[in-house]
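Enquirer: Build me a model:
(one chain, ligands or ions: 1)
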Amino acid sequence: MFTKFRLEMLNREAASPENKPKEIIKSLNIQKNDKVGDIGSGGGYYTLKFAKEVGEEGMVYAIDTKQEYLTFIMGKIKKKGLKNIKTLLVNKDGFSIPEKVDLFFVRNVFHHLPAPEDYFKNIKRYLKNDGRIAIIEHKRRKYSFTGIFGHFTPKDVLIDKMGKAGFKPVDRLDFLPDQYFIIFKMK
Ligand SMILES: C[S@@+](CC[C@H](N)C(=O)[O-])C[C@H]1O[C@@H](n2cnc3c(N)ncnc32)[C@H](O)[C@@H]1O
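Expert: Numbers count the residues shown, from 1 in each chain. I've put the predicted structure just below:
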């Protein structure tokens, strides 16, 4: 019951116009047939949006460490009769995935990763050569919930860790009020 409440809350937050979901999806420029990994898929708001973008021949992987979260998403997949989403229950340190993807999407998850540098080094082999990793992470705001509870990563720290993992920033999008949004590619 609490899980459902929490996930519906996460989805409402993701869908809220002030968090600019339409702009985020547009700027990702996902193509039909693309393969996308939604790392830390939570309530699946973006997983379901991406499924629409990639179309029937594409595939979206909802990747999370919590089975109950994936079960919640599976309920939505079943209800909508979607065939282009697979759920992956993973270990907090990394994962394996059946194929290489065009895009990994990581929204409000980076600060949860125990060793981000190793994490991204490990999953590099699942990214196509020209593939992208899109990371959205909270900015530090001292007196906010995210600031007080440490749900953020300073931007320079994140870029440094991604650099050490073998990725360079190729695009920095600055339309989000409380988060930064950076697209990385392999160096
Ligand atoms: C704040 S929620 C964000 C959910 C979603 N990305 C969104 O924007 O609505 C963080 C999610 O990351 C998941 N998570 C935490 N650590 C993880 C890890 N090491 N690997 C994959 N997912 C993880 C949590 O279970 C949770 O679903």
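Enquirer: Please count neighbours and contacts with C-alpha atoms only from this point.
Expert: Fine.
Enquirer: where's V106 relative to the ligand, distance?
Expert: Computed as CA to the nearest ligand atom, to the nearest Å, the V106 to the ligand distance reads 6 Å.
Enquirer: let me redo that: F95
Expert: Counting by CA to the nearest ligand atom, the gap between F95 and the ligand amounts to 8 Å.
Enquirer: where does that residue land on pLDDT?
Expert: The model reports F95 with a pLDDT of 92.
Enquirer: show me the contacts for it.
Expert: Contacts for F95 were tallied using CA atoms under 8 Å, 6 or more residues apart in numbering; they are 122-123.
Enquirer: Next, the distance between the ends of stretch 16-36.
Expert: When the termini of stretch 16-36 are compared using CA to CA, to the nearest Å, they are 22 Å apart.
Enquirer: Going by neighbour count, list what's buried in that stretch.
Expert: 19, 21, 24, 30, 32-36 (16 or more other CA atoms under 10 Å).
Enquirer: Show me which pair in these is furthest apart.
Expert: The distance between the two most remote of these (CA to CA) is 26.6 Å, for N19 and N33.
Enquirer: hang on, the earlier thing: can you tell me which of the buried residues of stretch 16-36 lies nearest to D118?
Expert: V36 (20.5 Å).
Enquirer: tell me the centre residue of this protein?
Expert: Central residue of the chain (CA atoms, centre = their mean): V106, 2.6 Å from the mean position.
Enquirer: Wait, that one touches F120, no?
Expert: No - under the criterion of CA atoms under 8 Å, V106 is not in contact with F120, lying 11.1 Å apart.
Enquirer: how about low-confidence regions in this structure?
Expert: 140-151 (pLDDT under 70).
Enquirer: Can you tell me what sits against the lengthiest strand in it?
Expert: Across the chain, the strand with the greatest residue count (assigned by DSSP state E) is strand 127-138. Among residues not part of strand 127-138, those counted as contacts by CA under 8 Å, 6+ apart are 28, 100-111, 146, 151-153, 178-186.
Enquirer: That one and the ligand, are they touching?
Expert: No - for strand 127-138 and the ligand, the contact criterion (CA under 6 Å from any ligand atom) is not met; the two come no nearer than 8.3 Å.
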